[in-house]
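> quick one, what's the 3D model for this:
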Amino acid sequence: MGKQKIDIEYPLATTSPAIIWEQISSAHGLERWFADHVNEEDGVFTFTWGEPWTEQDVRQAHVVDAIKHDHIRLKWDYEDEEDDESYWEMSIQKSDLTHNLNLVITDFADDDDIDGLKILWESSLDRLHRASGL
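Below you'll find the predicted structure:
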């Protein structure tokens, strides 16, 4: 069974793509809202959730495509991943209505994981707002 594509659009309180780009494309920016610890080396991000004295979840994703101030597309490095088409992407898009920018998240999930994935992204985007004011 294939995964379904999910798009989540999150309005941001800025018109500066440079500010958003720093939050979505750098280890420092992602560590402020996406994961507890983030390292990047040669286009591979290592994300860690949890503190060293507790149980941790560590995952790696490699950058598939990135255009500065536009989007970054990553693919999780799973040994057992059967769906080669899945990825996750964060793109910056201008709102025609407000002229502010939106962060559009694209991700993939199995049918029974869609609601959980949406909740996870919404929680992360809420942390982005609290950490940066965006």
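
> quick one: neighbours of Asn39, just the number.
Burial of Asn39 is recorded as 14 neighbouring residues (other C-beta atoms under 10 Å). Yep, even glycine has a C-beta here, placed from its N, CA and C like the rest.

> what residues sit buried inside the longest helix belonging to the chain?
For the chain, the longest helix by residue count, based on DSSP state H, is helix 114-132. Going by neighbour count (16 or more other C-beta atoms under 10 Å), the buried part of helix 114-132 is Leu117, Trp121, Ser124, Leu125, Leu128, Ser132.

> distance to Asp107 and pLDDT for those residues - can I get that in a markdown table?
Converted to a markdown table, these look like this (distance: C-beta to C-beta, whole Å; pLDDT from 0 to 100):
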| residue | distance to Asp107 | pLDDT |
| --- | --- | --- |
| Leu117 | 6 | 94 |
| Trp121 | 7 | 95 |
| Ser124 | 11 | 94 |
| Leu125 | 12 | 93 |
| Leu128 | 15 | 93 |
| Ser132 | 21 | 87 |
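
> export those to JSON lines and tack on distance to Gly43?
Below are these laid out as JSON lines (distance: C-beta to C-beta, whole Å):
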{"residue": "Leu117", "distance to Gly43": "24"}
{"residue": "Trp121", "distance to Gly43": "23"}
{"residue": "Ser124", "distance to Gly43": "22"}
{"residue": "Leu125", "distance to Gly43": "24"}
{"residue": "Leu128", "distance to Gly43": "22"}
{"residue": "Ser132", "distance to Gly43": "24"}
